[in-house]
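*Asks:* any chance you could fold what I've pasted below:
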Amino acid sequence: KDTVTTVAAMKSANTQLKSTITEIGDIDDIYDITDDMADLMEDMDEVNNVLASNYATPDDIDEADLEAELDLLEDEFETEADADATPSYLQDDALPAQPTSAPGVELDIPQAPSGLGEDGLPMRVR
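*Replies:* Numbers count the residues shown, from 1 in each chain. Model (predicted):
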C-alpha cells in the first residue's frame, strides 16, 4: 500500500513538474535570465565599490593618527570655547540687581560746573 501511494505521489509530481516547465519555457531562456542576473550583480558590485571609495583619506593613515588628530581638534575647540566665554565683568552675577547708592556717592566724581565765568563759559565755583 505504501508503494502505491509513493508511485501516485511521483506521478502527481511528474505532472506538476511538466506543467511548470511548459509555463517557464525553454531552458535557454532560464540560462539567459541567470546570465542577465549575474551581469546585473557585477554592475551593482562595481557601483558599490565606486560609492565605497574614499578620496578624502589617504590609505597610509592608521587609527592612532586619526585619534591624535581628533585629540588636537578637541583641544583647539576647547580653547576657542574658552575664548568665546563671556568675561567676568560682563556676566550678570558681577553686577547688583539694583543700584544700592546714588551715582557719584561712592566714587570721587567732580561736580558739574555751577556758574558762568566772565567769558560766558561754565565754571566751577570753589
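
*Asks:* residues of stretch 43-61 that come out buried?
*Replies:* By 16 or more other C-beta atoms under 10 Å, stretch 43-61 has no buried positions at all. (C-beta placed from N, C-alpha, C; glycine too.)

*Asks:* any idea how far it is from the chain center?
*Replies:* Here stretch 43-61 is found 20 Å from its chain centre; the criterion is C-alpha atoms, centre = their mean, to the nearest Å.

*Asks:* state the pLDDT value of L72.
*Replies:* Each residue has a pLDDT score; the one for L72 is 89.

*Asks:* that one - how many residues pack around it?
*Replies:* Around L72 there are 10 other residues, counting by other C-beta atoms under 10 Å.

*Asks:* all further residue positions should be reported with the first residue as 2.
*Replies:* Sure thing, new numbering starts at 2, so read that last one as L73.

*Asks:* where's it, which helix or strand?
*Replies:* For L73, the host element (DSSP states H and E) is helix 64-84.

*Asks:* whichever helix or strand comes after that helix - what's its average pLDDT?
*Replies:* Once helix 64-84 ends, the next helix or strand along the chain (criterion: DSSP H and E) is strand 116-117. Regarding strand 116-117, the rounded mean pLDDT is 76.

*Asks:* which neighbouring elements make contact with strand 116-117?
*Replies:* Packing contacts for strand 116-117, counted by 3 or more C-beta pairs under 8 Å, 6 or more residues apart in numbering; DSSP states H and E, involve strand 123-124.

*Asks:* the strand it packs on pairs with which strands, parallel or anti?
*Replies:* The strands beside strand 123-124 in its sheet (DSSP bridges) come out as strand 116-117 (antiparallel).

*Asks:* most centrally placed residue in this structure?
*Replies:* With distances taken as C-alpha atoms, centre = their mean, the residue of the chain nearest its centroid is L71 (15.6 Å).

*Asks:* run the chain-centre distance for the helix holding L73.
*Replies:* The answer for helix 64-84 is 17 Å, by C-alpha atoms, centre = their mean.
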